[in-house]
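K.L.:
no sequence for this one, just the structure:
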């Protein structure tokens with residue numbers, strides 16, 4: 001988060017007045033400490049940003065994480081118009097960009113992000129689909145939503161050095177981390193929400209992926225700075 005605040009300096013003077021698009025779709029598990037760093041950065045600079053930013057659109061992720069990210073503007077007041085969107089094309093439309101310019105821009109942005117993350121577009125799309133169907137995720141249903149056969153999806157995942165089950169487990173744990181951090185839900189409820197058959201199954205998976213039990217992880221990340 002501290003490195004992100006350094007990048008945001010590019011919007012300050014001597015930058016010319018401009019429209020700003022902040023793409024936060026890939027934020028997966030924001031925590032209170034990270035949000036605090038961002039707020040502390042923005043508050044004393046709000047006047048400086050108002051001199052160069054004419055309007056700012058924030059593209060948020062889906063689900064509870066999106067609600068947290070989208071609520072950023074309730075913590076930081078700005079003198080320029082701001083708005084959160086789930087769809088980057090809607091965000092660009094609000095910024096005044098015509099659709100024929102917006103689609104190539106979003107495609108270019110997605111490609112750049114995937115290159116920097118070292119993640120293939122396939123895994124990005126797979127994670128997006130899995131996040132919406134963790135409770136009943138199946139290889140067949142997910143493959144159909146991605147527009148390919150089960151065999152093709154399995155082959156492409158093998159070529160990427162992973163598997164459907166491995167990526168499902170990754171999304172389950174990342175979603176659980178968000179729930180543990182941003183809600184007071186009991187562990188049993190979190191286990192059900194991410195599609196685990198039992199609390200024991202959930203705890204074992206979480207410990208395997210993070211090295212900590214769910215309760216220990218929640219306690220450590222909820223500590224204030």
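P.N.:
Alright, I've got the coordinates. All values reported here derive from a predicted model rather than from experimental measurement.

K.L.:
Tell me the bridge partners for the closest residue to residue 23 other than its chain neighbours.
P.N.:
Nearest in space to residue 23, with sequence neighbours left out and distances taken as C-beta to C-beta, 6 or more residues apart in numbering, is residue 59 at 4.9 Å. (C-beta placed from N, C-alpha, C; glycine too.) Assessed by DSSP bridges, residue 59 has beta-bridge partners residue 23, residue 85.

K.L.:
can you give me the strands for the protein?
P.N.:
Under the criterion DSSP state E, strands of the chain are mapped to 18-23, 53-59, 82-85.

K.L.:
Can you spell out which helices and strands pack onto the second one?
P.N.:
Other helices and strands packing on strand 53-59, by 3 or more C-beta pairs under 8 Å, 6 or more residues apart in numbering; DSSP states H and E, are strand 18-23, strand 82-85, helix 88-94.

K.L.:
okay, those in CSV with mean neighbour count, mean pLDDT and distance to residue 142 next?
P.N.:
Formatted as CSV, those follow (neighbours: other C-beta atoms under 10 Å; pLDDT from 0 to 100; distance: least, C-beta to C-beta, whole Å):
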stretch, mean neighbour count, mean pLDDT, distance to residue 142
strand 18-23, 17, 91, 24
strand 82-85, 18, 92, 26
helix 88-94, 18, 93, 23
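
K.L.:
wouldn't residue 38 be in contact with residue 73 here?
P.N.:
No. If you go by C-beta atoms under 8 Å, residue 38 and residue 73 don't touch, sitting 11.6 Å apart.

K.L.:
low-scoring stretches of this structure, by residue?
P.N.:
For the chain, applying pLDDT under 70 flags the ranges 1, 28-32, 114, 117-119, 223-225.

K.L.:
and the gap between the most centrally placed residue in it and residue 40?
P.N.:
Nearest to the geometric centre of the chain sits residue 27, at 2.4 Å (C-alpha atoms, centre = their mean). The gap separating residue 27 from residue 40 is 18 Å, by C-beta to C-beta, to the nearest Å.

K.L.:
go on, residue 158?
P.N.:
Note on residue 158: its distance to residue 40, by C-beta to C-beta, is 45 Å.

K.L.:
The residue nearest to residue 23 touches residue 27, doesn't it?
P.N.:
No. Counting by C-beta under 8 Å, residue 59 sits too far from residue 27 to count as a contact (10.1 Å).

K.L.:
tally of neighbours for the spatially closest residue to residue 149 that is not a sequence neighbour?
P.N.:
Leaving aside its chain neighbours, residue 149 sits nearest to residue 143 (6.1 Å; criterion: C-beta to C-beta, 6+ apart). Residue 143 is flanked by 19 other residues according to other C-beta atoms under 10 Å.

K.L.:
so who does residue 143 touch?
P.N.:
Residue 143 makes contact with 149-150, 152-153 under the criterion C-beta atoms under 8 Å, 6 or more residues apart in numbering.

K.L.:
Quick check: phi and psi at residue 134.
P.N.:
Per-residue torsions, residue 134: phi -60, psi -40 (degrees, to the nearest 10).
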